Structure formats: C-alpha cells, structure tokens
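Quick check, what structure comes out for this input:
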Amino acid sequence: MTELPVRVLARRDEAEGVFRLDLAAADGAALPPWSPGAHIDVSVAEAGVRQYSLCGDPGHENRWRIAILREPRGRGGSEWLYRNAHEGAELRVSPPRNNFELVNSDAYVFVAGGIGITPILPMLAAAEARGARWELFYGARSRAHFAFTGELASRPGVRLVAQDTDGLLPIAEIVAGAGDAAIYCCGPEPLLAAVETAAAATGSAVYAERFAPKAIVTGPDEPFEVRLARTGTTHRVGATQSIADVLEAAGVPVITSCREGTCGSCETAVVTGDIDHRDSVLTEAERVRGDTMMLCVSRAAGVLVLDL
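Residues are numbered from 1 along each chain as shown. This is a model prediction of the structure:
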C-alpha cells in the first residue's frame, strides 16, 4: 500500500474492548482530505494490514480518529495495535479510500452494531449539515459496549439498544418504518443480513459496509484467461488461483490489502468479460454494469479483458 507515516497524538478507551487513536501526520503536515464512510489501511507488522473507518470530523485536516475493537483471538491486527499504538508511536497508514459514500437523500436511517458505529458517526453530522432527517439505531451487547456515547447523547434521533436488557435491534420494525429513507448499516454479518433481507421485501435502498466477507454461493471454480488491454499480454488463472495472485506472479503491479473482497483496494476497471463477482463491496447496480471488479476474489468465464 502507499504509506503515510502518522503519529499517535492520543489514545483512550471508548467502550468495553474498544480503544480510540487520534492520529496526525508524522511531519506535521496537513492530512489528505476524506469524506464520511472513508477508511484507512493500517500496517500491523507481521499481521499485515487492517482497515479502520475514520470516525472524526472531516473538517479537521490535521487530525484523524479511528477506533479499534480489541480481539485477542482474532487475526492479530487489533492485538498488535493494542500493544504498540501508544501516544507518540508512529504508524504506517494509507491515504483514505471510500467504498461507503453517503448518497444524497432527504432522509436517512442508520443501523450500527458494536464497532460498526465508527463509519456512521461522521455521517450523522453530514446528514444534519444537508438538512436531512435521520435516525440512528445502535445495538451492542451491553451498555458498557456502546462507544462514543458522549457524542451520541447530545443528538436527538439516537436509539441505543443493549442486547442484555433490551434484546436485539428490531430490524423488521426499523426497515418497515424507513419509508423512502436511505438505509446505512455497518456491523456484524448477521445484522447486515437481517437488514438486507428485510429491505428486499420493502424495496428500500440499503448501503452496507462489512467487516468480513459476505457469504456468496457460486458454481465450481473453472480456469479462465485474463488479457491486459494496455500490454496485450494474456495470463491463465487456474481453478485454485486468484487474478491478483497470477498478475503479481507475472510482475504486474496490483494493489491489494484484505485479500477477501471487503476493502476495495484491488478494484480494477474491466473492458469486457463475463464477471463472477464475489466481493462484499460493489452494489447490485455496479455488478450489473460490469465495468469494475475486485481482483482478489472475483472470477470470470472465458476471456476477461482488464484495463491494465
């Protein structure tokens, strides 16, 4: 990834198992601009790279804020940051990318679960600035697991639902009452699946950001060919290979991060081809359009021509 050195200005606990980092450019310069829904890649040494949503104020050009859920039995990224990302420490991050842009709408319904509140936070301020109506339904395991409650308490339209005392978020009720509002959701996969299922029955527009790959049922993997439009070279992708792996092995520069179709860093323009989309980023309309794909997980049939 393109690396940007940043320094940890401050660190504090935000909720049970959640800690916040305030970051500034290591050289004191202004940070790249971003919009609500954006995330950055953070290098976590041997554990690789992890994505974290920017959850501060986009107007603060000298400071970014991220929040991390510590997962001791996870893949190692959050644990590395928990041990090493203390005040004064230097981290390597990427410029912001946004696969979760806030569309223009007169009304929004935001649904967050646990650490999924992070990309939603700056969206609330943006919705207010646009003069739009909005509601937030925020679920967590208990009151102790709600993050940024100090900021949320001052906002009308916020409903906190603690599972241990209030039960689960009433997804069917939320979606049924959304009307023509744009529904934005982020959190664990069962929450997102429930929102999408309920919205499919009502025709509501849903925009979701996932922490883990969406379960996608596909047929058996078959070999296919990838042709690079700019060079004219052709590469064979085997049944057990990804496009990204094959191109990297051939010396073709490919930007990747998550390797599971959730971050969008390997999105590449498609000239022509029958795409088997397997990512968790593109909307259904973008899949039908067929002019872009994620090289780390998606496949094709026959010959695929990429704008590379």
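
could you pull out the helices for this structure?
For the chain, helices defined by DSSP state H occupy the ranges 77-84, 117-129, 149-153, 163-166, 171-176, 189-202, 243-249, 284-289.

What helices and strands are in contact with the longest one?
With contacts defined as 3 or more CB pairs under 8 Å, 6 or more residues apart in numbering; DSSP states H and E, the packing partners of helix 189-202 are strand 107-113, helix 171-176, strand 182-187, strand 206-210. All C-beta atoms are positioned from the backbone trio N, CA, C, and that covers glycine.

which stretches of the stretch 201-308 of the chain aren't confidently modelled?
In the predicted model, the stretch 201-308 of the chain carries pLDDT under 70 at residues 212-219.

now the helices of the chain as JSON lines including distance to Arg50 and mean neighbour count?
Output for the helices of the chain, formatted as JSON lines (distance: least, CB to CB, whole Å; neighbours: other CB atoms under 10 Å):
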{"stretch": "helix 77-84", "distance to Arg50": "4", "mean neighbour count": "18"}
{"stretch": "helix 117-129", "distance to Arg50": "13", "mean neighbour count": "21"}
{"stretch": "helix 149-153", "distance to Arg50": "24", "mean neighbour count": "13"}
{"stretch": "helix 163-166", "distance to Arg50": "26", "mean neighbour count": "12"}
{"stretch": "helix 171-176", "distance to Arg50": "28", "mean neighbour count": "18"}
{"stretch": "helix 189-202", "distance to Arg50": "17", "mean neighbour count": "17"}
{"stretch": "helix 243-249", "distance to Arg50": "18", "mean neighbour count": "18"}
{"stretch": "helix 284-289", "distance to Arg50": "25", "mean neighbour count": "11"}
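
Out of these, flag the one nearest Cys296.
For Cys296, the closest of the helices of the chain is helix 243-249, at 4.7 Å, according to CB to CB.

Run through who's touching the closest one.
Helix 243-249 is contacted from outside by 226, 235-238, 254, 256, 259, 266, 295-296, 298-299, 304, 306, 308, using CB atoms under 8 Å, 6 or more residues apart in numbering.

picking that back up, how about CSV for the helices and strands packed on helix 189-202, with distance to Gln51 added?
Converted to CSV, the helices and strands packed on helix 189-202 look like this (distance: least, CB to CB, whole Å):
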stretch, distance to Gln51
strand 107-113, 17
helix 171-176, 25
strand 182-187, 12
strand 206-210, 10
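
May I see the ChimeraX selection of the buried members of the contacts of helix 243-249?
Buried residues among the contacts of helix 243-249 (16 or more other CB atoms under 10 Å), as a ChimeraX selection:
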select :226,235,237,254,256,259,266,295,296,298,299,304,306,308
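
Of the contacts of helix 243-249, which is the nearest to Ala129?
Closest to Ala129, out of all of these and judged by CB to CB, is Cys266, at 32.5 Å.

wait, what's in contact with that closest one?
By CB under 8 Å, 6+ apart, Cys266 lies in contact with Ala244, Val254, Ile255, Thr256, Ser257, Met294, Leu295, Cys296.

I figured Arg299 was touching Thr240, is that so?
No. Using CB atoms under 8 Å as the test, Arg299 is too far from Thr240 to be in contact (11.1 Å).

so what's in contact with these two at the same time?
Shared contacts of Arg299 and Thr240 (CB under 8 Å, 6+ apart): Asp221.

rewinding a little: in strands only, show me the contacts of helix 243-249.
Val226, His235, Arg236, Val237, Arg299, Leu304, Leu306 (DSSP state E).
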